[in-house]
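[1] Sharing a model prediction with you, sequence too.
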There are 2 protein chains.
Amino acid sequence: MKKKIITLKDLAKRLNISPSTASRALNDHPDISIETKQKVKDLARNLNYVPNLFAKGFRSHRSNILGVIVPNITHYFTTTLIRGILEEANLQGYKVIISESNNDVKKQTEMLNTMLQFGVDGVLMSISKMTKDVDDILKVLNTVPLILFDKASNKIPCTQVVINEEEAAFNAVEHLINIGKKRIAIIKETEYSFTSEKRYHGYLRALKENNIPLDNKIVLSVEDISMHQGKRMTNILLSLKEKPDAIFAITDSAAIGVIKTLKKLSIKIPEDIAVVGFSNSTNSQIIEPKLTTIDQPGQKIGSTAVKQIIEEINSTNQINVNKTIEIKTNLIIRDSSFKI
Amino acid sequence: MKKKIITLKDLAKRLNISPSTASRALNDHPDISIETKQKVKDLARNLNYVPNLFAKGFRSHRSNILGVIVPNITHYFTTTLIRGILEEANLQGYKVIISESNNDVKKQTEMLNTMLQFGVDGVLMSISKMTKDVDDILKVLNTVPLILFDKASNKIPCTQVVINEEEAAFNAVEHLINIGKKRIAIIKETEYSFTSEKRYHGYLRALKENNIPLDNKIVLSVEDISMHQGKRMTNILLSLKEKPDAIFAITDSAAIGVIKTLKKLSIKIPEDIAVVGFSNSTNSQIIEPKLTTIDQPGQKIGSTAVKQIIEEINSTNQINVNKTIEIKTNLIIRDSSFKI
DNA sequence: CTGAAAGCGCTTACAG
DNA sequence: CTGAAAGCGCTTACAG
């Protein structure tokens, strides 16, 4: 039993008014009298009238759909970003189409294009690492507002919503210095990763401001940061003549690899070597000792990005907004860097 | 610089044919000559013609958008489901709108309704626990195909894509029996959780087939299963006169709570008490000893659900499909139940 | 304060 | 094999 779908025309006919009036009444157009508005709205409610968003969107060139592209949806932090996006979008009457780029630049471009084809009103993107050529992304900017969140790039002139990467890393490293560590290694990614570079700058600044000389032997870069790489890098660090007394890994998974390796070798954490990660993943509380790490407020980043893009969608002036919104992070101190 | 958008009419005008013909050519209508088709397709490619899916959808009552509702997007397993859904949808030219119900039945209904309003061609849903009243869900069935995946319910007559919950639990418990355990406790949810009940039946069957008597003192039910509850329940079990020699928790997080508590009390795992979880979450490999658990192929469930719903969307007969597709799981044996 | 009419971009039954 | 015409449900400039 298919139920009959109520249209604007149906409402109008029942009330002996024109569809134009019915439309305007529902949209609170100032021209319409209060009584008419009331009548129309009441009937709409009673008949359970549902506006056909397709017709609406088709007519007004608005879909009320946002596109979201992320590299990898299975990362816990990514899901908190998405949660923030979904919640805020829902509040504002938008729906969200999600795609994964799998850190594949070609797929990223493809996703971007099908998003546009589906008529999204704006795109929120966390860019794939290794995105060197940004031309395809720049093209989008002519069509629809774009906002980069979390994984951003200063090569793209659009609003960016990110965490204070540099400061977060600075705080993490300074914390290690404060507990008495003097030889702090870092495990980071190669220079193609924007976030990794920013965290590295925070590391450098913390050393400099505390008069600790930089030693490139304990600055390790890997292409694909992971638990496995954390283990490998730890073994390299332990093979040095002058071993570090602390390791700052720029992701939790790498930091967990570090901890696992140290434990296997019965190296005391944090006494011999302290460990700090980045992300406050769920794993960071499961590992023992629990991992000191940076909490990134994913939900807030997501909701901020949505608020921002809706503003840009509704703004009439076409000037490309090009600002960076930085969300504050929190250092969470746990057992891997602090003995109770 | 807004770029001019190419429409079907533009294509037609350039080729001196009618828009109708252009439309048919692009859609490979059998009536159209091969040469015309070729001409139109070539021009479309050259001009970078992008069909307006809004107009298309508006006209044909098809959006090529699927709605997905899950209780909680931050669970790792849920993200693997979503990944499977996204991949298969992408292959088939569909986009996916995602919403979270947060295990809130009211929100679930609300999401369901806005999904329909956005003109989705079908809905894939993992239902919120505590969904007792299914009337609102049943209403959807009149409008658009619905498929339940992972968290399903036999009260709703539609296709269900689930894992072999009962058998998975059976295998887990039988494994414990095989390694010599005789007094196996279970930590499950209350009877409102469909999956929990099925896993419980697997537990019961494993006991029965191995002639182990059921003891209700070691069958514990909680409303909201979690690591915290795992800890609490473990303490209850340890306070019994006859302690269990194995604990089967129906989620990994609860199992991790069990392990943490046992370790704190220096109870040997698995010698004194073996532990088995369910899900193969990332955490299950971080905890030490590593957790024996059930791997659920999330991606396969997701892709299967998409294949199924697209079939139903395209099928002309309106008979409500009401079949259950069971996806096989795998018991992953790790240190929490097996000493190397 | 309200209505008639046009049109958004496409598809499809009808006609030839 | 192709075209003219209608229409999907809505909004909005124009007219009164």
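    Great, that's in hand. Numbering: from 1, shown residues only, chains lettered A, B, ... in the order given.

[2] buried sites along stretch A:123-139?
    Buried residues in stretch A:123-139, defined by neighbour count with 16 or more other C-beta atoms under 10 Å in any protein chain shown: A:Val123, A:Leu124, A:Met125, A:Ser126, A:Ile127, A:Ser128, A:Lys129, A:Thr131, A:Ile137. Using the backbone N, CA and C atoms, a C-beta is placed for each residue, glycine as well.

[3] can you give me the end-to-end distance of that stretch?
    From its first residue to its last, stretch A:123-139 covers 12 Å (C-alpha to C-alpha, to the nearest Å).

[4] That stretch and chain B, any residue contact?
    No: figure legend: stretch A:123-139 not in contact with chain B (C-beta under 8 Å from any C-beta of the partner chain); closest approach 9.0 Å.

[5] what does stretch A:279-299 give?
    Yes: Stretch A:279-299 comes into contact with chain B (C-beta under 8 Å from any C-beta), by way of A:Thr282, A:Asn283, A:Ile286, A:Ile287, A:Glu288.

[6] which of those residues lies closest to B:Asn113?
    Closest approach between the residues of stretch A:279-299 next to chain B and B:Asn113, by C-beta to C-beta: A:Thr282, at 32.2 Å.

[7] does the closest one really touch A:Thr79, like I thought?
    No: counting by C-beta atoms under 8 Å, A:Thr282 sits too far from A:Thr79 to count as a contact (10.3 Å).

[8] higher neighbour count, the two?
    A direct count of neighbours by other C-beta atoms under 10 Å in any protein chain shown for A:Thr282 and A:Thr79 places A:Thr79 higher, at 24 against 20.

[9] For the helix or strand hosting the more buried one, C-alpha coordinates in PDB please.
    Using DSSP states H and E, A:Thr79 maps to helix A:76-91. The C-alpha trace of helix A:76-91 is given here as PDB (Å, rounded to 0.1, in the frame of the first residue of the first chain):
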ATOM      1  CA  TYR A  76      39.000   6.700  16.000                       C
ATOM      2  CA  PHE A  77      39.900  10.300  15.800                       C
ATOM      3  CA  THR A  78      38.300  10.600  12.400                       C
ATOM      4  CA  THR A  79      35.000   9.200  13.800                       C
ATOM      5  CA  THR A  80      34.900  12.000  16.400                       C
ATOM      6  CA  LEU A  81      35.400  14.500  13.700                       C
ATOM      7  CA  ILE A  82      32.500  13.000  11.800                       C
ATOM      8  CA  ARG A  83      30.400  12.900  14.800                       C
ATOM      9  CA  GLY A  84      30.800  16.600  15.200                       C
ATOM     10  CA  ILE A  85      30.000  17.200  11.600                       C
ATOM     11  CA  LEU A  86      26.900  15.000  11.700                       C
ATOM     12  CA  GLU A  87      25.600  16.700  14.800                       C
ATOM     13  CA  GLU A  88      26.000  20.200  13.700                       C
ATOM     14  CA  ALA A  89      24.700  19.400  10.200                       C
ATOM     15  CA  ASN A  90      21.700  17.800  11.700                       C
ATOM     16  CA  LEU A  91      21.000  20.900  13.800                       C
END
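
[10] what comes into contact with the helix or strand following it?
    Following helix A:76-91 in sequence order, the next helix or strand is strand A:95-100 (DSSP H and E). The contact list for strand A:95-100, computed with C-beta atoms under 8 Å, 6 or more residues apart in numbering or on different chains, reads A:64-73, A:82, A:85-86, A:89, A:111, A:114-115, A:118, A:120, B:65, B:82-83, B:86-87, B:90, B:95-99, B:114-115, B:118.

[11] Just list the residues touching the closest residue to A:Ile236 other than its chain neighbours, thanks.
    Spatially, and ignoring its direct neighbours in sequence, A:Ile236 is nearest to A:Leu220 (6.6 Å; C-beta to C-beta, 6 or more residues apart in numbering or on different chains). Contacts for A:Leu220 (C-beta under 8 Å, 6+ apart) come out as A:Ala185, A:Ile186, A:Ile187, A:Lys188, A:Met233, A:Ile236, A:Leu237.

[12] Show me which of the residues you listed are buried.
    A:Ala185, A:Ile186, A:Ile187, A:Lys188, A:Met233, A:Leu237.

[13] Using the three-state scheme, assign the third one.
    Three states are possible here, and by DSSP: H, G, I helix; E, B strand; the rest coil the one that applies to A:Ile187 is strand.

[14] who's it bridged to?
    A:Leu220, A:Ala249 (DSSP bridges).

[15] measure the residue nearest the centre of chain A to DNA strand C for me?
    Taking C-alpha atoms, centre = their mean, the centroid of chain A lies closest to A:Asp150, which sits 3.9 Å from it. For A:Asp150, the distance to DNA strand C equals 34 Å [C-beta to the nearest atom of the strand, to the nearest Å].
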